[in-house]
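attaching a predicted model along with its sequence, questions to come.
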Number of protein chains: 2
Amino acid sequence: MDFKKLFIDNAYRRKVYVKGGNVEVGMTEVKLTPTRNSETGDYVENSPVRIYDTSGKWSDPSFHFDPKKGLPQIRREWIESRGDSVEVGLARPTNKAPFAERKILRLCHGQTQMYYARKGIITPEMEYVALRENMAKANGIEGKMSAKAPRNSLFIQHPGSGSKLREEITPEFVMKEVARGRAIIPANINHAELEPAIIGRNFLVKINTNIGNSSMASSIPEEIEKMLWALKWGSDTIMDLSTGPDIHDTRECIIRNSPAPVGTVPLYQALERVGGIAEDLTWEVFRDVLIEQAQQGVDYFTIHAGLLREFIPAAARRMAGIASRGGSIMAKWILAHNRENFLYEHWDEICQIMAEYDVSFSIGDGLRPGAIADANDEAQLGELKVQGELARRAWQYNVQVMCEGPGHVPMQMIEKNMDCQLDWCDEAPFYTLGPLVTDIAAGYDHITAAIGASIIGWYGTAMLCYVTPKEHLGLPEKNDVREGVVAFKLAAHAVDLAKGHPAAQYRDNAMSKARIEFRWTDQINLSLDPERAEAFRKMNDKNFKIGQAQEEHFCSMCGPKFCSMRVSMDIMKEFRDSEKSNGQM
Amino acid sequence: MDFKKLFIDNAYRRKVYVKGGNVEVGMTEVKLTPTRNSETGDYVENSPVRIYDTSGKWSDPSFHFDPKKGLPQIRREWIESRGDSVEVGLARPTNKAPFAERKILRLCHGQTQMYYARKGIITPEMEYVALRENMAKANGIEGKMSAKAPRNSLFIQHPGSGSKLREEITPEFVMKEVARGRAIIPANINHAELEPAIIGRNFLVKINTNIGNSSMASSIPEEIEKMLWALKWGSDTIMDLSTGPDIHDTRECIIRNSPAPVGTVPLYQALERVGGIAEDLTWEVFRDVLIEQAQQGVDYFTIHAGLLREFIPAAARRMAGIASRGGSIMAKWILAHNRENFLYEHWDEICQIMAEYDVSFSIGDGLRPGAIADANDEAQLGELKVQGELARRAWQYNVQVMCEGPGHVPMQMIEKNMDCQLDWCDEAPFYTLGPLVTDIAAGYDHITAAIGASIIGWYGTAMLCYVTPKEHLGLPEKNDVREGVVAFKLAAHAVDLAKGHPAAQYRDNAMSKARIEFRWTDQINLSLDPERAEAFRKMNDKNFKIGQAQEEHFCSMCGPKFCSMRVSMDIMKEFRDSEKSNGQM
């Protein structure tokens, strides 16, 4: 696959770097065509629109585009200049992961991003995310949106938190949110290729894409392609859920090529180590996997430590039992040994390991409901309370935390789930899988999940894990990844709009202006998926044999007589004319 | 196209007729495979699941499947036995609409469904919809759902209305809701082929599919195919928005073959009559079209009478002007003549015509916002108030009414829109187009719209007009219709679940039970789109070279070691065993 072609696809979308302080952040700039004044024939320029961009150097034409070489290590200098880490080994190239030799670092005293934030120190990572989140500034519209549109003036806040919208997202604000535990910057010191991103409900809503092979399918190149594909459509983080062969090398290839934070579920690799027999898992095997993955540079770990023995009876009585893979493995272990979850028992040691590399927690929800009938039940809510306890304990080690959430939840129960999470987990960011708002839409579960994700995002969820159309039916392929990522990207954007994130509406406004002015090129390029928008346009013109409709002030949907947009423009003009002649202008 | 193949596709889904009182209602019955007890090897039957079915005789194997012959006239006897109508003419076969000669009827004194309801008389149409909506009874689970799941015990009600869930949906309840104006049964006396359906927020949420040709594309057979396609996926009503050639015959073919209520926008045909020049429209031309379409059997008319002259300045100042076709036509007429909207001025005469055939109003929202920036603005809300005034005036003639709504509305503004509608329009059913919760998802607008539709449906909208992936880009084709209908069907079902409609969750529970028991055939047949679910399963098995995974207790998503469902079943069994050995069972 030609990765250059995958990203550098369009003369109207280019990579720009926005500078601020000591950092620079890559963004996508969409160049717009001018508006033609139908009376004078003059052209009036339209300002370009800058868009938050997760694709890193992959969308920079000067990049080498070779996944065997990996990304430039933009954090190397930041990390080394802090002088808070020591070298503990060397990672050497392998056949399947032929990257240059790389020093493995460990923090001397657990100086994580949260550690620095609590000390009142702004790291380059914090500077970076502040610049990156400030899309109002990047677009030169600071303060303007909220003045024009009162609905953009406040974030929706949980009743308890009370904080107001910041007109500007500053490094200080980022620092305070990280210190408070309300946001995380997952940034392992061994992932120097990372372009830091922040996850918290007072920032742009993020989405995650799950990739990874299984014992029955897929290969390293396919997984790399899925990852790049996900970044192309705007995924903010990548989870490598591989359970099959080459698990270490697959992950190495993903991390070295990912500008986005990478998450994993270490339990999967631990289970491979013990031949797939859950009963044979031990703390020692798990610990070794944790350290191995931390030293590779994984930015966050899903750890199912909240599933306690006492919750299993309630889970066993459910309609759909335990739908989480990690949860079912741990439940099996607990029952086999008739002991408490060893991840819970070793939580402090786990925190110590995480602190040594600044790996963030994504505290797993092993008891998330797998059916509408099981939503917000005793098992789920019991585990959620323990997730809160574990979060507070992790914070004692300055380890950053988010909590995972469901699953299958009908619409009317989503708010309660969110409220409990904010309350019990002390506002640690929530990271949910959907939720799916019905069980019966197999083949369309990216939509079922995008609906629930929009609602829970609006109530306060910080990151939405995508779901593909193949959910419940099979392993997603490349095109399923695209469908899932775009569905979730639009859900996340809808939430940013609803929460009044500064500048979220800027792109919508540019799109609507292009629409009424029949600037088709701009409508296509401002879309979340310009390739699909363009393909649909072309398909339409071809099917209906329209040569130049793209240039005309109507389209084949309604034809010229019934085009509301054309008529509307006429009306606006007539109205202005009549106001003029009445001396009102 | 072989229409029999289109519908009679699957040995596990069959047409059944549920009888009650003097009527019988067709439903889809999904036969389930038995559950195998892994210990004893015995099989335990699973009850079949009955599903609300909008496809009429098209899914009955004994039907003739010939769209040139039309559907049986199941309402003929009901209508004639009322003795409240007179014959006013004969509709004769044409080349393109070769149906048998048909008497055209007119009501003598406007005895609409609302008229009878207000008199306390239950019509066969009311009996029919009561039987049809009572899915709890059809599935033999009356009263059971709410006892088990408290969240299913109440409809969500607008704060003002206070009414509680009916354990059972009876003909009396239907009658009262129609009399109150809170629900409508669009049922033109000249559409004897209709299987009546009810639209109101205390009933199952309905969805509408727009079809119709434009001057630039499509033909009668294509439109028929789109309609049947929409019914196959469960659309509750069909709007024929044709603006192109053969407008009368296209509509005739649709009505004679549609078991679902058919709606139109008569303004489109009126505009064709005056050569597409909005300024040349007159009340007389419009009135003639109204009568022509009413005599054909159209069940509801969208009429843009709420767009008053005083709202045009606000609309002209908008980001996206007037996005409604009908709205832009009327605005153009108003400006050209500098007069009030003639539809508003002739409202009483329009009501009289509607009452003569029992055509329901769908009062158009000509000023619905076409961009996020325009949501809930002065123009939109101004028109909504007038829609309420028009609804009350229509009720004086016993004409049934629903009101149309937007459009493009960000999530946080949806509730206010719904609340205003319930308040200002005195709880007349709301019928919305989406709303779309962002402007930037061209190519995926069925998802953007399904999100808004779910939210507004939950707040109280009675019918959701579908949006296809081609929205804003081109005219939908057959596959776009499928994508749009299924996306909206799942949104509507999610709302039924959230509102606690009796039995809505029955199908979800059956699906989830099939899922954990690896009954793939049942999962496929209980899905909203069994063909897609099956295709995805097969694609997966083929790609990953799995011969018999369908029969195994795992699938290729996770492979056997990581299958949470398999592990979960093991756990449930172990747990039951341990309880048994502890003497707890």
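Cool, the structure landed. All of these numbers come straight from a predicted model, not from anything done at the bench.

excluding sequence neighbours, find me the nearest residue to the residue of the stretch 351-500 of chain A found nearest chain B.
Closest residue of the stretch 351-500 of chain A to chain B, Cβ to the nearest Cβ: A:G474 (2.7 Å). (Glycine included, C-beta is placed from N, CA and C.) Nearest residue to A:G474, sequence neighbours excluded (Cβ to Cβ, 6 or more residues apart in numbering or on different chains): B:N540, at 2.7 Å.

and what of A:R36?
Distance criterion Cβ to Cβ, 6+ apart; nearest residue to A:R36, sequence neighbours excluded, is A:Y43 at 5.6 Å.

before we move on, the earlier item: per-residue confidence for the residue of the stretch 351-500 of chain A closest to chain B?
Looking at A:G474, its pLDDT reads 88.

correct me, but it touches B:R537?
Yes. Using Cβ atoms under 8 Å, A:G474 makes contact with B:R537 at a distance of 6.5 Å.

before we move on, the earlier item: please report the distance of the residue nearest to A:R36 from chain B.
In this view, A:Y43 and chain B are 20 Å apart by Cβ to the nearest Cβ, to the nearest Å.

also A:A294?
22 Å.

surely that residue forms part of a strand?
No. Judged by DSSP: H, G, I helix; E, B strand; the rest coil, A:A294 forms no part of a strand; its state is helix.

quick check: closest non-adjacent residue to it.
Here the residue nearest A:A294, using Cβ to Cβ, 6+ apart, is A:Y357, at 4.1 Å.

what's the neighbour count on that neighbour?
The number of residues packed around A:Y357, counting by other Cβ atoms under 10 Å in any protein chain shown, is 28.

low-confidence stretches in the stretch 201-350 of chain A?
A:215-218 (pLDDT under 70).

please list the residues of it that sit near chain B.
A:214-217, A:243-244, A:268, A:271, A:276, A:278, A:312-313, A:315-316, A:319-325, A:327-329, A:331-332, A:335 (Cβ under 8 Å from any Cβ of the partner chain).

switch to 6 Å and redo it
Contacts of the stretch 201-350 of chain A with chain B, taken as Cβ under 6 Å from any Cβ of the partner chain, map to A:214-217, A:243, A:276, A:316, A:319-325, A:328, A:331-332, A:335.

whichever of those end up buried, select them in ChimeraX.
The buried subset of those, as determined by 16 or more other Cβ atoms under 10 Å in any protein chain shown, is captured in ChimeraX by this line:
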select /A:214,215,216,217,243,316,319,320,321,322,323,324,325,328,331,332,335
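
give the next helix or strand downstream of the helix or strand bottoming out on mean pLDDT in chain A.
When each helix and strand of chain A is scored by mean pLDDT, DSSP states H and E, helix A:144-148 comes last, with a mean of 37. Next helix or strand after helix A:144-148 toward the C-terminus (DSSP states H and E): helix A:171-180.

restricted to helices, list the residues of the stretch 201-350 of chain A next to chain B.
Within these, residues falling in helices by DSSP state H are A:316, A:325, A:328, A:331-332, A:335.

tell me which stretches of the stretch 251-400 of chain A form helices.
A:266-273, A:283-296, A:312-316, A:325-337, A:342-345, A:347-357, A:378-396 (DSSP state H, counting those that start in this stretch).

distance from the longest one to the middle of the chain?
Shown here is helix A:378-396, whose average C-alpha point lies 23 Å from the average C-alpha point of the whole chain (Cα atoms, centre = their mean, to the nearest Å).

flag every buried residue along that helix.
Buried, per 16+ other Cβ under 10 Å, within helix A:378-396: A:379-391, A:393-395.

please, which helix or strand holds the spatially most central residue of chain A?
Nearest residue to the geometric centre of chain A (Cα atoms, centre = their mean): A:I207, 2.5 Å. Assigned by DSSP H and E, A:I207 belongs to strand A:206-211.

sweet, I'm off.
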